[in-house]
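Enquirer: Sequence isn't available, so here's the structure alone:
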């Protein structure tokens, strides 16, 4: 008899009565929620959405949905990944209970939005204070402001939902606008401040929507960015957008708040002599990459004197960037001498041109935050009602933020996991299985020593335990 070589080992499959835990790595996020006293905070903000005598309280419902989204779930029934491990995640509400909870949100969407907004501000204040020297609000100055990125994206749906509409790409669904914080290069992934769900046919260049999502974002910033009389420290904040945010209405609104801006700019049709001036490289400065290294054949210049701006805020300047066309790129009217010509506007008090260009080019990092937000549930809006899907989008933002906050307060500066995206956390840490045992009336979660990133789990667990004790003792401001 000839034995064939198997592709994989084939151990015999049997059932056991042992308490095995799938997704044991998710306990790290659970530990952070426990340290934050999340359940009590939600009880204060969302108790009107559940009956008084209900067994499943709003804090546990929201925490379960958030952990489920962080683990890769896409709808309420996916909380089954937590229900099978009650020893670690506790009792989990049924899908019907969650549906009733979301149904009450549909009747009081503004109350839920306000509750989420105030809860988010409290959590952010508490966690940013715990970050110490890495506190984004404390680090923000006039010359190195806190950067808020605003960008729109498309979410496709495959069934009729309230508010869904066709978009300019021929798809059908929604066009949410997202405001997020950029911690800066090497300081973490950043977090989401606000998600404004919009029909798919809404334009990305709507000044009204930019103002609305910015207002929601500013409302959840810690008090460190406000004066004692409640006035915003606008000079310590910079709003960064693509060309959709370059409308005069929006930029003048930012000017009225004292906020700095850096926004891409679609240049108008310019005269031939101005194109010729752009080609004169003697006026230009070499551009740098995100590490400060000079880029070959890439140049930037202050073109305010040539490209006249009208009705824009005072002190608005326009900078032009020239770089070689990428392979296969199609040249436009402005792409002279084989260079791609782009521009951006800013009112920043900082005048080092390559640094202004480098800072604006870092706007691409907001695409990674939007990608993680979609992986956390924004890409699969499960309800027909628009208000319920808006609430779902906010829960997706909370899932992304929990991870960003954990990176900020539970990991030391420079740790390699501090820049991991959501999907990497899922596959390297959240998916680790464990075994629940009990001895001396104390439950313990056992993890295999050979599993990936078990050392990281222990590091986070110890950090969350220390934070919990310090907050209980009042050693960190709430």
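Expert: Perfect, thanks for sending it. None of the values given here were measured: they were computed from a predicted structure.
Enquirer: so is the nearest residue to residue 135 once chain neighbours are set aside in a helix, a strand, or just coil?
Expert: Leaving aside its chain neighbours, residue 135 sits nearest to residue 128 (4.8 Å; criterion: Cβ to Cβ, 6 or more residues apart in numbering). In short, each C-beta sits where N, CA and C put it, glycine included. Following DSSP: H, G, I helix; E, B strand; the rest coil, we place residue 128 in the helix state.
Enquirer: Wait, residue 128 touches residue 224, no?
Expert: Yes - in this structure, residue 128 is within contact of residue 224 by Cβ atoms under 8 Å, at 7.5 Å.
Enquirer: anything in contact with each of those two?
Expert: 135, 137, 138 (Cβ atoms under 8 Å, 6 or more residues apart in numbering).
Enquirer: how many other residues sit next to the first one?
Expert: What it means is residue 135. By other Cβ atoms under 10 Å, 18 other residues sit near residue 135.
Enquirer: And residue 227, by the same measure?
Expert: 9.
Enquirer: Now the closest residue to it other than its chain neighbours. Its backbone dihedrals?
Expert: Nearest residue to residue 227, sequence neighbours excluded (Cβ to Cβ, 6+ apart): residue 233, at 6.5 Å. In terms of degrees, to the nearest 10, the main-chain angles of residue 233 are phi -80, psi 70.
Enquirer: Kindly tell me how buried residue 233 is, as a neighbour count.
Expert: The tally of other residues near residue 233 (other Cβ under 10 Å) stands at 19.
Enquirer: tell me the SS of residue 449?
Expert: Secondary structure for residue 449, judged by three-state DSSP, is coil.
Enquirer: what residues go with each domain of this structure?
Expert: Listed domain ranges for the chain are 20-110+384-472, 140-376 (source: automatic domain parsing).
Enquirer: Now do the first one, average pLDDT.
Expert: Pointing back at domain 20-110+384-472 there. When pLDDT is averaged over domain 20-110+384-472, the result is 92.
Enquirer: That domain: end-to-end distance?
Expert: With Cα to Cα, to the nearest Å as the measure, domain 20-110+384-472 spans 32 Å from end to end.
Enquirer: Relative to residue 187, how far out is the residue lying closest to residue 413 once chain neighbours are set aside?
Expert: Among residues not flanking residue 413 along the chain, residue 134 sits closest, at 6.3 Å (Cβ to Cβ, 6+ apart). Residue 134 sits 7 Å away from residue 187, taking Cβ to Cβ, to the nearest Å as the criterion.
Enquirer: and which of the shared contacts of residue 128 and residue 224 is nearest residue 181?
Expert: Using Cβ to Cβ, residue 137 comes nearest to residue 181 of the shared contacts of residue 128 and residue 224, at 9.9 Å.
Enquirer: The helix or strand hosting that closest one packs against which elements?
Expert: Assigned by DSSP states H and E, residue 137 belongs to helix 136-139. Using 3 or more Cβ pairs under 8 Å, 6 or more residues apart in numbering; DSSP states H and E, the elements in contact with helix 136-139 are helix 109-130, strand 146-152.
Enquirer: wait, which of those is closest to residue 448?
Expert: helix 109-130 (30.4 Å).
Enquirer: Outside of the closest one itself, list whatever touches it.
Expert: Here helix 109-130 makes contact (Cβ under 8 Å, 6+ apart) with 36, 38, 41-42, 45-46, 48-49, 105, 135-138, 191, 216, 219-224, 387, 390-391, 394, 398, 401, 405, 408-409, 467, 470-471, 476-478.
Enquirer: could you redo the last one with a cut-off of 7 Å?
Expert: With contacts defined as Cβ atoms under 7 Å, 6 or more residues apart in numbering, helix 109-130 is touched by 36, 41-42, 45-46, 48-49, 105, 135-137, 219-220, 222-223, 387, 390-391, 394, 405, 408-409, 467, 476-478.
Enquirer: Let's see the PyMOL selection covering just the buried ones among those.
Expert: Provided next is the PyMOL selection string for whichever of these are buried by 16 or more other Cβ atoms under 10 Å:
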select buried, resi 36+41+42+45+46+49+105+135+136+137+220+222+387+390+391+394+405+408+409+467
